[in-house]
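J.: sequence and predicted structure are below.
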Amino acid sequence: MLMRQLSILLWSAAQARRLDSWTCYIACAAVTAMAAGAAYLLALVALERGGWLPPPAFTNNLCADAKLAFLRDHPPKAPTELILGSSAAWRGIASEEIVRRHPTARPLNGSFCGLQVNQTAFVADYLLRRYPSVQSVLLLLSPIDMDTCSGTDARLFDRRDVDAYLASKGPVWSYYFRYFDPVSLVRNASLVKAAREDRLPFYSLIFTPYGDGPQTTDASRKLDIGLFDTIDPACVPSLRRLARTIADGGRRLTVASLPLLSAGVERSDPTGAIHDHMVREVKSAVVGTNAVFWDGERFAQVDPGDFVDPIHLRWTGARRFTRQLVAATGFGAVK
């Protein structure tokens, strides 16, 4: 009996020590986590005060996240025209020219960097739901936007998180914890201030009041855009659904091809066959809708000097191209 009681006492003491060890471990882990969180928050505050804090990484793409930050800081007031596409559309449309031709137009450039057309369809659905005042949509495309849809996730960001972010007027620190990526944060912090101050000629994060991303540099660059040698069939259904959605919503869709610097893409499409393939797919996708198609690659009068690189127009070229597009399609005219 005595031995049994002694065994119980020893077992209880061992359990108590084990419990104390676990309690200590949990307490230490909690304190460490709180300390790390506090240090991270202080680092964010320091970056913000110095102008080096990038926007929350909803897409983990700096220029796309900067577009979301622009929409939060400058909420569009009942836009009537929506411009969609990738970075070439963001850089290549001068919305001021739309307003110059049609003064009652209120355009919003909703283009994001680096999108395939299935991702553009996702963005279009989100923005059209958020801004129901939109009456006309301009979709700008090049073969580069339609070559890898099958390997690209269409969902660019979490809708609910972005909704809450755009609606918020207060601190947004929680998103830096939810989308924590120290490597991306350090990389983006190292260049975002210069980009916002237009000191990086090819990576400027300057926005016009309409959301365009002008490149005002006189410099040019070579750009390794890879080899696009076909139109991915997976892109076409996304384009067709987008055209149908816009038509079913009573809106007018204008699709235009973007001019490319021929000398910069000759390795990919020396005869224009890929471009012609894209045009056929675009026309088949919008058939039966009220969409208008304009082949800007073929008919826009742009000069080699209008390009910063093979796929992006400098601001003088964007103005010239936009004027021609508006004249040819009537985009921005009141219904």
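T.: Looks like it arrived, so ask away.
J.: unless I'm mixing things up, Asn61 is touching Leu115, no?
T.: No. Asn61 is not in contact with Leu115 according to CB atoms under 8 Å; the separation is 9.5 Å. For glycine as for every other residue, the C-beta is placed from the backbone atoms N, C-alpha and C.
J.: of those two, who's got more company?
T.: Leu115 (25 against 18; other CB atoms under 10 Å).
J.: any idea how many residues pack against Ile311?
T.: Other residues close to Ile311 by other CB under 10 Å number 22.
J.: could you do Thr216 as well?
T.: Neighbours of Thr216 (other CB under 10 Å): 12.
J.: residue contacts, Pro55?
T.: By CB atoms under 8 Å, 6 or more residues apart in numbering, Pro55 lies in contact with Leu62, Asp65, Ala66, Leu68, Ala69.
J.: against Thr322, how distant is it?
T.: Separation of Pro55 from Thr322 (CB to CB, to the nearest Å) stands at 27 Å.
J.: can you tell me the helix or strand for Arg91?
T.: helix 87-92 (DSSP states H and E).
J.: by contact count, what packs against that helix?
T.: helix 62-73, strand 136-141, helix 315-329 (3 or more CB pairs under 8 Å, 6 or more residues apart in numbering; DSSP states H and E).
J.: for it, list every residue counted as buried.
T.: Ser87, Ala88, Ala89, Trp90, Arg91, Gly92 (16 or more other CB atoms under 10 Å).
J.: where does this structure have low pLDDT?
T.: 1-37, 224-227, 334-335 (pLDDT under 70).
J.: now do the helices in it.
T.: Here the chain has its helices, by DSSP state H, at 2-50, 62-73, 87-92, 95-101, 117-130, 159-167, 173-178, 182-189, 192-196, 235-248, 262-265, 273-286, 296-299, 315-329.
J.: out of the ones you listed, which gets nearest to Ser111?
T.: helix 87-92 (3.9 Å; CB to CB).
J.: send the alpha carbons of that closest one over as PDB?
T.: Extracted in PDB, the C-alpha atoms of helix 87-92 (Å, rounded to 0.1, in the frame of the first residue of the first chain):
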ATOM      1  CA  SER A  87       0.300  46.500 -68.400                       C
ATOM      2  CA  ALA A  88       0.300  47.500 -72.100                       C
ATOM      3  CA  ALA A  89      -3.300  48.800 -71.600                       C
ATOM      4  CA  TRP A  90      -2.400  50.500 -68.300                       C
ATOM      5  CA  ARG A  91       0.500  52.300 -70.000                       C
ATOM      6  CA  GLY A  92      -0.900  52.700 -73.400                       C
END
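J.: ok, residues contacting that helix?
T.: By CB under 8 Å, 6+ apart, helix 87-92 touches 63, 67, 83, 109, 111-114, 140, 142, 144-145, 211-215, 258, 308, 311-313, 317-318, 321-322.
J.: same thing with stretch 230-239?
T.: 116-118, 120-121, 143, 145-150, 154, 274, 277-278, 281-282, 284-286.
J.: related to what we said a few turns ago, ok, of the contacts of helix 87-92, which come out buried?
T.: The buried subset of the contacts of helix 87-92 - by 16+ other CB under 10 Å - is 63, 67, 83, 109, 111-113, 140, 142, 144-145, 211-215, 258, 308, 311-313, 317-318, 321-322.
J.: now the buried members of the contacts of Pro55.
T.: Leu62, Asp65, Ala66, Leu68, Ala69.
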